[in-house]
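Q: prediction below, plus the sequence it came from.
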Amino acid sequence: MSHPDRFLLAGVMGWPVMHSRSPVLHNYWFEHYGIAGRYLPLAIKPEGLAAALRALAPLGFAGTNLTIPHKEQALGIVDEVDATAKRMGAISCVVVRPDASLIGYNNDGYGFIHSILQEVPDWRADTGPVVVIGAGGGARAVVYSLAERGAREIRLFNRTLARAEALRKEFGGPIKALPWEDRHAALADAAMLVNTTSQGMVGYPPLDLSLDRLPTSALVTDIVYIPLETALLAEARKRGNRTVDGLGMLLHQARPAWKAWFDIDVDVTPELRRLVEATL
Ligand SMILES: NC(=O)c1ccc[n+]([C@@H]2O[C@H](COP(=O)([O-])OP(=O)(O)OC[C@H]3O[C@@H](n4cnc5c(N)ncnc54)[C@H](OP(=O)(O)O)[C@@H]3O)[C@@H](O)[C@H]2O)c1
């Protein structure tokens, strides 16, 4: 293992931050691989973000994750923004370089794609139309990464059509922004369905979507992970569709961060999944 004589440090900056599962996840890897280090929750107010990011290098941090409300503001603070983060308009991970300069990445799309590949290793984005519901922050990562993986048609539905249209204009390519009321019928020949809305999350009503016309061969995924099995996934599973829940996206986005911060390849193990599941 590299860096045997160093205490490795990273964290997550948010406001609030104590709800974040990231410390449980990253500290599992320090313990699992027997590496001396710690991943800390860092409660940083928006007005303190620039100073906090500049303090990473002198404090000996390898970098930090960013969560609400810092992902967009950080674009104007770091020294360089990776091309994916630039296109997504948000930074999820900051890396301190040897000269103390800061580079921002966005690993959310990587997390989404690799959570699917872990469950369905032969999955491909280009086997048929993909229906994506929602056009918020989570949808940006989903739509961007599906297009990058070669999806040929992405049917994007959002309650507020203008937001879906804005995403289509920005990303272009295979995205079609379609009226909300057409979402049920659009499932008829879909190869994949993704919920990126907050509907189905604990405290919210289930997603209002009839699966009647969805082929049972279609893969159904939800990026909501509290609860792990949303009403959408439960219904899909009952009618015979394969499903992937939202927890894998959270776990897998952390892997490229470890590679960039510590040059260590980490795995998403069943034990790690159970550990984080127990906190939900
Ligand atoms: N697994 C992961 O790693 C991961 C990553 C990111 C997000 N998430 C989860 O994804 C969910 C969405 O997060 P986000 O950051 O994308 O939120 P967001 O930016 O606030 O977007 C919310 C989305 O939900 C839609 N929506 C809200 N109320 C609705 C309703 N009553 N009917 C239909 N659509 C409705 C919104 O549509 P309008 O535009 O019409 O308001 C919008 O498309 C959350 O549960 C979050 O925890 C998970």
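A: In hand now; what should we look at?
Q: how near is residue 193 to the ligand?
A: Per CB to the nearest ligand atom, to the nearest Å, residue 193 is found 15 Å from the ligand. Placement of C-beta: from N, CA and C, glycine included.
Q: surely that residue forms part of a strand?
A: Yes: Residue 193: assigned to a strand according to DSSP: H, G, I helix; E, B strand; the rest coil.
Q: beta-bridge partners for it, please?
A: Applying DSSP bridges to residue 193 gives these bridge partners: residue 131, residue 220.
Q: residues near it, how many?
A: 26 (other CB atoms under 10 Å).
Q: the ligand contacts on the stretch 151-280 of the chain?
A: Proximity of the stretch 151-280 of the chain to the ligand is assessed by CB under 6 Å from any ligand atom, with 158-160, 163, 196-199, 201, 223-225, 246, 249-250 identified as the residues in range.
Q: kindly apply the preceding question to the stretch 1-150 of the chain instead.
A: Contact residues (CB under 6 Å from any ligand atom) of the stretch 1-150 of the chain with the ligand: 108, 111, 134-139.
Q: hang on, residue 243 packs against residue 221?
A: Yes: Residue 243 is in contact with residue 221 according to CB atoms under 8 Å; the separation is 6.9 Å.
Q: out of those two, which sits in the more crowded spot?
A: residue 221 (29 against 19).
Q: ok, that one touching residue 194?
A: Yes: with contact taken as CB under 8 Å, residue 221 and residue 194 are classed as touching, separated by 5.0 Å.
Q: assign a three-state SS to the nearest residue to residue 59 once chain neighbours are set aside, would you?
A: With CB to CB, 6 or more residues apart in numbering as the measure, residue 9 is the residue that lies nearest to residue 59, at 7.1 Å, once sequence neighbours are left out. At residue 9 the chain is in strand, as set by three-state DSSP.
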